[in-house]
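S.K.: here are the coordinates; sequence isn't available:
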C-alpha cells in the first residue's frame, strides 16, 4: 500500500530528518548527563566518565547536519579548566565576570536548544503542505464512504470492502509517517488506527463522528508551533483592501446588453445631471441630451452653440450595438460659479 510513498523523494528526506532527530535526542541526553557532573562550585577533580561523555557528545554533535547553513562550533571545558575560570572570576570580584563564566559553561546547552527549535520548524515546513492536502483527501473519502455505507438500513458489523477504504488506510499511514512519532500523542489517533484495522461499518461511523474530527483539529495544531508565526503572503494588507474594492466594483458593473435604448439614455442623463455645473436649460425633468449618429452630432453642435451653451460630445460604443455620440448641454455661465 505504501510502496509509491516509500520510494518518493519526500520519504527519503523524512528518513534523513528521522536520523537527525535520533542523534539530537542522544545529544540532549548526553548534555544533561554532562551538566549533572559539573561541580556547582570551584573544585579541581578528575572524572573519567565526564571526559568520556564529552567525547561522545562531540562525536554526535559532529554528525548533525547544518540547518540553512547554521551550526556553530561547540567547546566543552575540562573540569579543572572550569574550576580555574570560576576562581579567576571570583578573584576579580565583579559579578559580570562570574555570570560570563557560567554562561560560557552552559553555552553548549543553549546551542542544542536552538538546534532543536530550528530542526522542529524545518520539519514542519517540510510536511505542512503535504499533510494539509492529505487531510482534504481524507475528508473527501469519508464523505464518499458515508454516502455508500452509513445508511438507515446499514449492518454495523458488516466489513467494508472497497477501494476507497484501502485508499483511506494508505493516506492515514502516510500522515503517520509525515508527522513522526509524536502523532501517537494526538487525541483519538489510536482509536482511529484501531477502527481502520477492524474495518466494519460501525468503525466507519465512529471514525466519521468521533475519531477524525478530533484528529484533524490536532493535526492542524501540530503543524505549527504555538509561538510560530502563521505565514502571511502579503507585505501590506492595504493592497488586499484595494484589490477587494476593485473586485467589488467589477461585480457591480451593469449588464449593458439588458438595457433598452431608452433605459440607456435615462441612465446616462442621471449620471450627467449629478455632475457639478450641469444645467438643463429647459427647466424640465426630461434629459437635455441626444444619442445620435456622428453626422447628426454636427447639427446638435450648431443648435447648442446658438443657444449659448458650451458643448460636450462623448463617443459611445456599447454592447447593445448602439454606436453614436452623446451630446448634452452645460451652461457656459456655470464656469463662473
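M.R.: Thanks, I have the structure now. Because the structure is predicted, anything quoted here is derived from the model rather than measured.
S.K.: any low-confidence regions in the stretch 201-337 of the chain?
M.R.: 247-259, 261, 264-265, 267-337 (pLDDT under 70).
S.K.: One more pass at 50, please.
M.R.: Where the stretch 201-337 of the chain drops to pLDDT under 50, the residues are 281-282, 285-295, 297-298, 301-302, 305, 309-337.
S.K.: What of the stretch 51-200 of the chain?
M.R.: In the stretch 51-200 of the chain, no residues with pLDDT under 50.
S.K.: Show me where it has its helices.
M.R.: Assigned by DSSP state H, counting those that start in this stretch, the helices in the stretch 51-200 of the chain fall at 79-92, 95-149, 163-179, 189-198.
S.K.: Now distance to residue 262 too, for these, in JSON lines please.
M.R.: All C-beta spots, glycine's among them, are computed from the backbone N, C-alpha and C. Output for those, formatted as JSON lines (distance: least, C-beta to C-beta, whole Å):
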{"stretch": "helix 79-92", "distance to residue 262": "96"}
{"stretch": "helix 95-149", "distance to residue 262": "52"}
{"stretch": "helix 163-179", "distance to residue 262": "59"}
{"stretch": "helix 189-198", "distance to residue 262": "66"}
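S.K.: Nearest to residue 223 among the ones you listed would be which one?
M.R.: Smallest distance to residue 223 across the helices of the stretch 51-200 of the chain (C-beta to C-beta): 4.9 Å, for helix 95-149.
S.K.: thinking again about what came up before, looking at the helices of the stretch 51-200 of the chain, which is buried most?
M.R.: helix 163-179 (a mean of 18; mean count of other C-beta atoms under 10 Å).
S.K.: between that one and helix 95-149, how many degrees?
M.R.: Angle, helix 163-179 to helix 95-149, by axes from the mean of the first three to the mean of the last three C-alpha atoms, to 10 degrees: 180 degrees.
S.K.: what angle do helix 163-179 and helix 189-198 make?
M.R.: Put simply, helix 163-179 runs at 150 degrees to helix 189-198, going by the same axes, to 10 degrees.
S.K.: Which residues outside helix 163-179 are in contact with it?
M.R.: By C-beta atoms under 8 Å, 6 or more residues apart in numbering, the surrounding residues in contact with helix 163-179 are 1-2, 5, 11, 14, 127, 130-131, 134-135, 137-138, 141-142, 144-145, 148, 183, 192-193, 196, 199, 219, 222.
S.K.: switch to 7 Å and redo it
M.R.: The contact list for helix 163-179 (C-beta atoms under 7 Å, 6 or more residues apart in numbering) reads 1-2, 5, 11, 14, 127, 130-131, 134, 137-138, 141, 144-145, 183, 192, 196, 199, 222.
S.K.: likewise stretch 184-204?
M.R.: 145, 149-150, 154-160, 165, 169, 172, 183, 206-207, 210-212, 214-215, 218-219.
S.K.: between the helices of the stretch 51-200 of the chain, which one is nearest to residue 44?
M.R.: helix 79-92 (5.0 Å).
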